[in-house]
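>>> Sequence first, then the predicted structure, then my questions.
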Amino acid sequence: MSVTSKSPVVLQVRDLACDRDGRRLFEGLDFSLCTGAAIQIKGANGAGKTTLLRTLVGIVSDFRGEILWCGSSFPSALPAMRGSLLYIGHRGGVRGSLTPLENLLWYGATRESALWALDCVDLSGFEGSLCYSLSAGENRRVALARLFLPQTPRLWILDEPFTALDAVGVAILEQQMAAHLGFGGSILLTSHQCLSLERLVSVDLSDFVVDESLVAMEAEHVFS
Ligand SMILES: Nc1ncnc2c1ncn2[C@@H]1O[C@H](COP(=O)(O)OP(=O)(O)OP(=O)(O)O)[C@@H](O)[C@H]1O
């Protein structure tokens with residue numbers, strides 16, 4: 001699928017600002033994510049990448065500005081967006097006391113599709129091991145196996161999906177992301193990794209950091 005200026009926008013952020021613990025992390029953030037396209041959110045440790053993703057999936061509701069799903073504003077658009085969303089957070093959502101197969105069955109996969117997905121991420125032979133006995137990279141593969149299940153939702157929001165993966169794991173994931181975009185899906189991800197995906201644009205949160213000196217000057221002006 002080719003992405004053009006006419007590709008429909010699925011997720012849009014307008015003049016977004018997020019706070020954490022009383023501190024403004026970023027403000028004035030604008031971007032539009034189209035069908036068949038990906039956005040990589042970049043920024044230093046603590047810049048607010050995870051906070052942004054958690055805001056976009058509705059876990060964090062303390063924001064200023066506007067978030068739109070297919071043209072409808074949050075929070076009323078949240079249920080519709082969640083119906084089309086696959087979110088894999090920092091921790092991956094893998095239960096250590098379950099096996100990789102049981103984890104995928106818990107997410108609603110059939111046994112056949114779960115075994116297929118585990119094979120795609122090179123975990124054949126580990127289906128029945130308890131996840132707490134697997135390595136960090138293997139656990140990350142269990143989490144990412146959800147991207148290989150059939151009828152995957154159209155929007156993927158992925159927080160540091162490449163963490164702990166080896167070179168083969170990175171290649172497998174990039175290939176699957178490219179396939180998802182090719183089918184008209186959309187991806188928003190955070191990563192410090194240099195990615196070779198086509199139809200990918202970067203948004204750096206450092207460009208939206210608040211200038212504290214201006215905030216102080218404005219406050220002085222208001223109270224003087
Ligand atoms: N639950 C929380 N309560 C209070 N402050 C928080 C909480 N979670 C995050 N923060 C703070 O918000 C800021 C942004 O955190 P966030 O995890 O969004 O950054 P990040 O850009 O994803 O960082 P990293 O690259 O290290 O993963 C940090 O300074 C962090 O200390």
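Good, I have the coordinates.
>>> going forward, measure contacts between C-alpha atoms and count neighbours the same way
OK.
>>> for Leu200, what are its contacts?
In this structure, Leu200 makes contact with 37-40, judged by C-alpha atoms under 8 Å, 6 or more residues apart in numbering.
>>> give me that answer again for 10 Å
Leu200 makes contact with 36-40, 178, 181, 187-188 under the criterion C-alpha atoms under 10 Å, 6 or more residues apart in numbering.
>>> Name the nearest of these relative to the ligand.
Nearest to the ligand out of the contacts of Leu200 is Gln40 (C-alpha to the nearest ligand atom; 12.4 Å).
>>> The helix or strand containing that closest one: partners in the sheet, and parallel or antiparallel?
Element membership of Gln40, judged by DSSP states H and E, is strand 38-42. For strand 38-42, sheet partners with direction are given as strand 186-190 (parallel), strand 200-204 (parallel), following DSSP bridges.
>>> Mind listing residues that contact it?
If you take C-alpha under 10 Å, 6+ apart as the criterion, strand 38-42 is touched by 31-33, 48-50, 52-53, 155-160, 177-178, 180-181, 185-195, 197-207.
>>> helices or strands next to the following helix or strand past it in the packing?
The C-terminal neighbour of strand 38-42 among helices and strands, as given by DSSP H and E, is helix 49-56. Using 3 or more C-alpha pairs under 10 Å, 6 or more residues apart in numbering; DSSP states H and E as the contact definition, the elements that helix 49-56 packs against are strand 9-20, strand 23-34, strand 38-42, strand 63-69, strand 85-88, strand 155-159, strand 186-190.
>>> Compare these and give me the one nearest the ligand.
Among these, the nearest to the ligand by C-alpha to the nearest ligand atom is strand 9-20 (5.0 Å).
>>> Neighbouring strands - and their directions - for that closest one?
When pairing is defined by DSSP bridges, strand 9-20 lines up against strand 23-34 (antiparallel), strand 63-69 (antiparallel).
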